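> with the input below, show me the fold.
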Amino acid sequence: LPARHTPSGLYAGGMRRLRLATIVVVTDSTPTIHQHGNRSVELLIIGAGPAGATAAIHAGRRGISTLLIDAQPFPRDKTCGDGLTPRAIHQLQLLGLADSVVTRYHSHGLKLHGFGGSVTAPWPESAFGTVGSAMPRREFDDFLVGCARSYPSVEFLGGVRAVSVSMSTPVGAGSGSVISGSGTVSGDAASVGASVAAVELSDGSWVRPKQIIVADGVRSPIGKLLGRTWHKGEVYGIAARSYCVTPRSEEPWIHSHLELRDADGVVQPGYGWIFPLGNGLANVGCGALSTDRRPARINTKKLLGLYAQQCRPEWGFGAPDRVASALLPMGGAVSGVAGRNWMLIGDAAACVNPLNGEGIDYGMETARLAVECLGAGKDYTLLWPDVLRREYGEAFGLARMLARLLTYPQLLPVVGPVALRRPLGRHVMPVAARLMGNLITDADRDVVARLWHVAGRFVADRAVARSGLVAARPGAAGVFGAALWG
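Numbers count the residues shown, from 1 in each chain. Model (predicted):
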């Protein structure tokens, strides 16, 4: 392929190491490549977690020719808390799938513990309903993929990953450079106005999709390849989860402990959770909020073992099994989430609630929104970030600000006793549960909702003022401005 300079775009200004994939930039003047094993589809979805599988379901309902792929054979496990808020159940209801999940297990809300107090916070009345649930990701993801495969226009390939990408540029934009299989990218990896022309799969075949939805999770190797950047100066989560046998797996409340102590009784900068699963097990885990300036200095797996041990007398836990850990970009703290014919959704786009680490609901929501955006001739480069900012900008901006406060280890020991002890706790924590679950909609007009909306706009306006950005329309730039989700 001809190798010439491309206009400044992604990866401008130097070298970038890529571990799992390579990218080739081609132009309309380049001969057709990779004749062996070619196939063409309207939509390629990379990643078959809740976001990708839900996108495939919505595409199937519209009769869109869709190829859904996942790097692992199904069923497979994923590191997750497995919780499904009413917001997630609402997305299942829109697809007619909620009963299959909630009839097995459903939750009434949260029970929060710590600092000498406990508060019960039922799921509040909202547009999303008052029923939550939980299901191991191994089963939940497989259930959604099975639903997607029931549509004639959807094909699923498990155990197949995307390994390289070809980009095409418009006529007159110049040709690109060939990127070697070593994973080293020199110069620009994509040019202005470039679109994904073809994707190579690990089975040696090539797919030529008209449009691509990238739902490959928190690490998002294909997202990185296409220019996704994680801004670690914003709050991110670190977490570990396990499965414990318990006689209380039918307990209809999610439990969270906001006061974790190590073996010496020292308060740790984190929180613990117990999500009963209704199948003889509970998802037991712990996590903490962190930034690059204030990293949470805890060993989550070690703390998880201690937490399970401390809860064993009450819950009858067996030894923690299938312990796994993960890092979670949150609150839209990534940029480079869209291009001419591709969009990142769910965890890949950092659509994770900074206050509770929940991402399944946002994954399913962004899946629906992305499929609704699909259309011949559309350019998603600016369209998709604007959709994300419109839907989540104010809420995520305010949540990130509150979560950033929680990275100060001195805060919880001060406010925790006030919030969790009676009489104030029974009034404060239900509100906190509503905010943590992001169960407020634009249509809500009660006092709490009004204060949340006002605070969200205030935070967004301050962020825009500090950055010198001017919103294209009211609420468009939000706290993310042009730097995040851009």
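> other SSEs contacting the longest helix along the chain?
Criterion DSSP state H: the longest helix present in the chain is helix 380-406. Other helices and strands packing on helix 380-406, by 3 or more CB pairs under 8 Å, 6 or more residues apart in numbering; DSSP states H and E, are strand 281-290, strand 342-344, helix 360-373, helix 447-467. Bear in mind the C-beta positions are built from the backbone N, C-alpha and C, glycine included.
> so what's the most centrally placed residue in the chain closest to, chain neighbours aside?
The centre of the chain sits closest to Asp347, judged by CA atoms, centre = their mean, with a distance of 2.1 Å. Spatial nearest neighbour of Asp347, chain neighbours left out: Val218 (4.6 Å); criterion: CB to CB, 6 or more residues apart in numbering.
> show me the shaky parts of the stretch 151-300 of the chain.
For the stretch 151-300 of the chain, the stretches with pLDDT under 70 are 169-193.
> mind listing the helices for it?
221-225, 300-315 (DSSP state H, counting those that start in this stretch).
> among those, which is the most enclosed?
Here the criterion is mean neighbour count by mean count of other CB atoms under 10 Å, and of those the winner is helix 221-225, at a mean of 26.
> would you say Phe140 is within a strand?
No. Applying DSSP: H, G, I helix; E, B strand; the rest coil, one finds Phe140 to be helix, outside a strand.
> tell me who's in contact with it.
Applying CB atoms under 8 Å, 6 or more residues apart in numbering, one finds that Phe140 lies in contact with Pro50, Asp82, Leu84, Val101, Ile360.
> closest to Pro73 out of those?
Nearest to Pro73 among those: Pro50, at 17.8 Å, using CB to CB.
> if we can go back for a sec, average pLDDT for the longest helix of the chain?
Averaged over helix 380-406, pLDDT sits at 85.
> chain center to it, what's the gap?
Relative to its chain's centre, helix 380-406 lies at 12 Å (CA atoms, centre = their mean, to the nearest Å).
> now do the buried residues in it.
380-381, 384-389, 391-404, 406 (16 or more other CB atoms under 10 Å).
> other SSEs contacting whichever strand or helix holds Lys111?
Assigned by DSSP states H and E, Lys111 belongs to strand 109-114. If you count contacts as 3+ CB pairs under 8 Å, 6+ apart, strand 109-114 packs onto strand 117-122, strand 253-257, helix 411-420, helix 425-436.
> cutoff 6 Å now
On a contact count with 3 or more CB pairs under 6 Å, 6 or more residues apart in numbering; DSSP states H and E, strand 109-114 meets strand 117-122, strand 253-257.
> CA-only coordinates of the last one in CSV, if you can.
Taking only C-alpha atoms (Å, rounded to 0.1, in the frame of the first residue of the first chain), the coordinates of strand 253-257 have been written out as CSV:
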residue,chain,number,x,y,z
TRP,A,253,-32.3,-6.4,49.7
ILE,A,254,-28.9,-5.4,48.3
HIS,A,255,-26.5,-4.7,51.2
SER,A,256,-23.7,-2.2,51.2
HIS,A,257,-21.2,-1.6,54.0
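> packing partners of it?
Partner elements for strand 253-257 (3+ CB pairs under 6 Å, 6+ apart): strand 109-114, strand 271-276.
> note down every partner strand of the last one and its orientation.
What it means is strand 271-276. Applying DSSP bridges, strand 271-276 is found paired with strand 253-257 (antiparallel), strand 281-290 (antiparallel).
> tell me the contacts of the residue nearest to the centre of the chain?
Asp347 makes contact with Gly217, Val218, Gly359 under the criterion CB atoms under 6 Å, 6 or more residues apart in numbering.
> go again with 8 Å.
Counting by CB under 8 Å, 6+ apart, Asp347 has contacts Gly49, Ala51, Ala215, Gly217, Val218, Ser220, Leu328, Pro329, Gly359, Gly363.
> against Ser249, how distant is it?
Using CB to CB, to the nearest Å, we find Asp347 at a distance of 26 Å from Ser249.
> and for Pro73, the neighbour number?
Neighbourhood size, Pro73 [other CB atoms under 10 Å]: 10.
> host element of it?
Remark: Pro73 resides in no helix or strand, with elements defined by DSSP H and E.
> so it makes contact with Arg161?
No. Distance between Pro73 and Arg161: 11.2 Å, which falls outside the contact criterion (CB atoms under 8 Å).
> re earlier: which one of the contacts of Asp347 sits closest to Ser40?
When those are compared against Ser40 (criterion: CB to CB), the nearest one is Ala215, at 20.6 Å.
> next up, the contacts around the closest one.
When contacts are counted by CB under 8 Å, 6+ apart, Ala215 touches 45-49, 51-52, 55, 344-348, 363, 367.
> try it again with 7 Å
Neighbour list for Ala215: Ile45, Ile46, Gly47, Gly49, Ala51, Gly52, Ala55, Ile345, Gly346, Ala348 [criterion: CB atoms under 7 Å, 6 or more residues apart in numbering].
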